[in-house]
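**Student:** only geometry, no sequence info:
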Ligand SMILES: NC(=O)C1=CN([C@@H]2O[C@H](COP(=O)(O)OP(=O)(O)OC[C@H]3O[C@@H](n4cnc5c(N)ncnc54)[C@H](O)[C@@H]3O)[C@@H](O)[C@H]2O)[C@@H](O)CC1
Ligand SMILES: Nc1ncnc2c1ncn2[C@@H]1O[C@H](COP(=O)(O)OP(=O)(O)O)[C@@H](O)[C@H]1O
Ligand SMILES: [K+]
């Protein structure tokens, strides 16, 4: 599913009105009707008071449509106009008139704190104050109203986007955003829903298809692509009936140092489970017995050093190399990295201490083969590209870094983002149970194993991040968040594949899966 900017959505709006030969008022009616249907389906006529707070723009207009439809269906509705400006939009005014006709009275006009209504914890709040047209932070009594709503325990449903949140630019005032329990967003989710500083305002969301012009949506380059099951299903490369282990490549994992051989074990196991034909693992001598015992399927090659890696020599041509997990920062290890980057001109997966060594020895950057995949968590990323002001600044910096060096960068975390030049892919699988030691080692093994099977680096990254997260979700289903260990994620790669190969999901409007 594509994520568009607010500017693109206004263009889509315009294209829809022109090509479908409808009025923008009709489009608003469509949008409001979708919200009404969502509520009506869940409330089934329940007499719970619904407080609808409408701004004076088109988001407010949507709120008025919802209010009118609910009233016409006998719901207990109180509609307020948050009168923060006299510049009411055309469609707001049209619907203001319509709701008056339906109810024979005007909505309640709010002009200051004195107008804040009493709301019970069991009531429902619909937030239609600001949508994607927010152009400055809410201040004064409007900010106070947002805070007042947030203090209330009533269920808060935001229309399109929680008021106070900019859809694709930095948040300036965290105190002036509606903390929505659920958001019903039109046509595509907004970028702010997925970034660490703003995602918490959008704990749950559904995407409502309001039928914006398909040609525009298909032909417009989005801000980002959201990756869910349907996309992953398209990326999957089916196994060949006549394939043999050589068909699926020989992956090399270079990992581990004294006390961190587990990192090598985890990434090796993950590379096998994701389907690499063969996996050889290069470790310091101290890792030999551990590897041979824990993963008999792996071939093990050892360094001349006992406790760390100093010189990576192998007697075969790997189809992919995953490097860095638990290797430490010994000087000799840095030299070994330098030399292998120069010797092997294939895409690498570069993780953990390999990234830290690169950050401390920036000359290594130039030696990394093009289209290699870097998998930093936020700490490693900061060391690599420096501090950032906010999430958007971070994305711009990573895009620049990726473009300059010709690398895929995976920004790990909840909603992992894969960056390749100007392109952003946002993963939707995964859960906080995966915040556990070694889950990153598993990811590097997964991506290395996919590269070795012939997935190109971008595809291996996007698909690998999804399936790793999905395996984590399945592990969560079995044992809850806390008990998940990295090994459980690896064990569930099998289930994640089976889940992927089930009948394709019907692409519907919910959960961002389109
Ligand atoms: N573009 C689309 O595809 C569609 C948009 N619709 C709705 O239209 C919304 C966008 O409507 P608008 O562009 O009218 O914008 P909004 O309704 O988001 O609000 C903008 C209005 O509020 C004022 N404003 C902005 N920030 C303010 C602040 N901090 N304090 C006080 N006033 C402030 C602006 O000057 C403007 O008058 C969407 O979010 C969505 O709800 C739907 O009706 C249907 C289709
Ligand atoms: N809250 C979360 N939600 C989703 N995925 C998460 C979450 N926390 C961690 N992960 C995933 O777990 C992995 C953690 O990687 P990393 O921090 O490198 O772990 P380690 O270094 O211990 O192996 C990443 O793939 C990350 O996206
Ligand atoms: K809103």
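**Tutor:** Yep, that arrived. All values reported here derive from a predicted model rather than from experimental measurement. Numbering: from 1, shown residues only. Ligands and ions are numbered 1, 2, ... in the order given.

**Student:** Now for residue 305, how many residues are close by?
**Tutor:** For residue 305, the neighbour count with other C-beta atoms under 10 Å is 18. The C-beta positions use only the backbone N, C-alpha and C, and glycine is treated the same way.

**Student:** repeat for residue 341
**Tutor:** Every residue meeting other C-beta under 10 Å relative to residue 341 is counted, giving 22.

**Student:** for residue 148, same thing?
**Tutor:** 14.

**Student:** got the phi/psi numbers for residue 496?
**Tutor:** phi -60, psi -40 (degrees, to the nearest 10).

**Student:** near ligand 1, which residues of the stretch 151-300 of the chain?
**Tutor:** 159, 160, 186, 212 (C-beta under 6 Å from any ligand atom).

**Student:** Per the annotation, how does the chain divide into domains?
**Tutor:** 2-216, 232-501 (automatic domain parsing).

**Student:** Quick one: closest of those to ligand 3.
**Tutor:** domain 2-216 (4.3 Å; C-beta to the ion).

**Student:** Buried residues in stretch 108-116, which are they?
**Tutor:** Buried residues in stretch 108-116, defined by neighbour count with 16 or more other C-beta atoms under 10 Å: residue 110.

**Student:** what about that stretch and ligand 1, any contact?
**Tutor:** No. Residues of stretch 108-116 are not located near ligand 1 by C-beta under 6 Å from any ligand atom, the shortest gap being 12.6 Å.

**Student:** returning to what we had before: make CSV out of the domains of the chain and add mean pLDDT.
**Tutor:** As requested, the domains of the chain are exported to CSV (pLDDT from 0 to 100):
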stretch, mean pLDDT
domain 2-216, 96
domain 232-501, 97
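
**Student:** Buried deepest among these, which one?
**Tutor:** domain 232-501 (a mean of 20; mean count of other C-beta atoms under 10 Å).

**Student:** next one: that one to chain centre, how far?
**Tutor:** 19 Å (C-alpha atoms, centre = their mean, to the nearest Å).

**Student:** And stretch 115-126, by the same measure?
**Tutor:** Using C-alpha atoms, centre = their mean, the offset of stretch 115-126 from its chain centre is 32 Å.

**Student:** which residues of the stretch 101-250 of the chain fall in strands?
**Tutor:** Secondary structure of the stretch 101-250 of the chain (DSSP state E, counting those that start in this stretch): strands at 108-110, 124-128, 155-159, 182-186, 205-208, 224-227, 250-254.

**Student:** Make JSON lines from those and add distance to residue 367 to it.
**Tutor:** JSON lines is the format used below for the strands of the stretch 101-250 of the chain (distance: least, C-beta to C-beta, whole Å):
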{"stretch": "strand 108-110", "distance to residue 367": "62"}
{"stretch": "strand 124-128", "distance to residue 367": "52"}
{"stretch": "strand 155-159", "distance to residue 367": "48"}
{"stretch": "strand 182-186", "distance to residue 367": "44"}
{"stretch": "strand 205-208", "distance to residue 367": "43"}
{"stretch": "strand 224-227", "distance to residue 367": "30"}
{"stretch": "strand 250-254", "distance to residue 367": "15"}
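
**Student:** okay, among the residues of the stretch 151-300 of the chain next to ligand 1, which ones form the most distant pair?
**Tutor:** 159 and 212 (16.0 Å; C-beta to C-beta).

**Student:** about what we covered before: distance to ligand 3 for the strands of the stretch 101-250 of the chain - can I get that in CSV?
**Tutor:** Shown next, in CSV, are the strands of the stretch 101-250 of the chain (distance: least, C-beta to the ion, whole Å):
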stretch, distance to ligand 3
strand 108-110, 15
strand 124-128, 5
strand 155-159, 5
strand 182-186, 8
strand 205-208, 12
strand 224-227, 20
strand 250-254, 48
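
**Student:** List just the one of these that sits closest to ligand 2.
**Tutor:** strand 224-227 (12.7 Å; C-beta to the nearest ligand atom).

**Student:** Can you tell me the closest non-neighbouring residue to residue 130?
**Tutor:** Spatial nearest neighbour of residue 130, chain neighbours left out: residue 163 (4.2 Å); criterion: C-beta to C-beta, 6 or more residues apart in numbering.

**Student:** What's the separation between the one you found and ligand 2?
**Tutor:** 26 Å (C-beta to the nearest ligand atom, to the nearest Å).

**Student:** show me what contacts that residue?
**Tutor:** 55, 59, 127, 128, 129, 130, 131, 134, 138, 146, 177, 178 (C-beta atoms under 8 Å, 6 or more residues apart in numbering).

**Student:** can you do 7 Å?
**Tutor:** 127, 129, 130, 146, 178 (C-beta atoms under 7 Å, 6 or more residues apart in numbering).

**Student:** and the gap between the third one and residue 24?
**Tutor:** Using C-beta to C-beta, to the nearest Å, we find residue 130 at a distance of 18 Å from residue 24.

**Student:** List the residues that contact the residue lying closest to residue 203 once chain neighbours are set aside.
**Tutor:** Spatial nearest neighbour of residue 203, chain neighbours left out: residue 181 (6.5 Å); criterion: C-beta to C-beta, 6+ apart. Residues in contact with residue 181 (C-beta under 7 Å, 6+ apart) are 155, 156, 157, 203, 204.
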